[in-house]
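> have a look; sequence and predicted model below, questions after that.
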Amino acid sequence: MTLRPAAAWRALRAADPPWWGPLVRHALPLSILPALAWPVGQALSGELAWSASALGGSFIATVAFVLASILVLALGLFVLAPAFTSGRQWSRSVAVAAYAATPVLVAGVLLVLPVLLIAVLVCCFHGCALCYGGVQAMLGCRQSEAAFFVAAAAMFGVIASLVVGGLCSAAGLI
């Protein structure tokens, strides 16, 4: 995906996997990288105890956060699709979000040193570029509108995450 994205998007479109396929077969295995690195990095920095419950809880929370973030981006692509494409397709929206997250998930191994979070953030730019190609190949977005579509979906994701986080905080869950 990261080296030959155009060919990968074409192959993915031809395969047309069910909505859960890219999430379970691609994003879930890759989410293990940041889910292992983040708790270890937090423990090495003294922010998290070296206990099975603390490390395990952080691992599970990180995997859940990664998958939820991908689904929120997919939801943004799905909700905004009528403004940028000819139709909505949930399975393809999830595929774009899951595969566009590849560089960020692979770079998640760098979180073993929390100071390297900046490198993971830089990988977000490559993820946006992959998403740009993905919305064209998978969702039929015109090239002239693809950047706006990706930006709008990302903003949708940020706002949705803030709202959900605020509600969870107000409910005392976090």
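Looks like it arrived, so ask away.
> and stretch 52-63, average pLDDT?
For stretch 52-63, mean pLDDT rounds to 91.
> again, but for stretch 145-157
95.
> now do stretch 99-114
Mean per-residue pLDDT for stretch 99-114: 92.
> and it, C-alpha only, in CSV?
What follows is stretch 99-114, C-alpha atoms only, in CSV (Å, rounded to 0.1, in the frame of the first residue of the first chain):
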residue,chain,number,x,y,z
TYR,A,99,-5.5,1.1,4.5
ALA,A,100,-4.8,4.9,4.6
ALA,A,101,-3.9,4.4,8.3
THR,A,102,-1.0,2.0,7.3
PRO,A,103,1.9,4.4,7.7
VAL,A,104,0.7,5.6,11.0
LEU,A,105,0.1,2.1,12.4
VAL,A,106,3.5,0.9,11.2
ALA,A,107,5.2,4.0,12.7
GLY,A,108,3.4,3.2,15.9
VAL,A,109,6.3,1.0,16.9
LEU,A,110,8.2,4.2,17.5
LEU,A,111,6.0,5.0,20.4
VAL,A,112,8.3,2.9,22.6
LEU,A,113,10.0,6.3,23.0
PRO,A,114,7.2,8.8,23.5
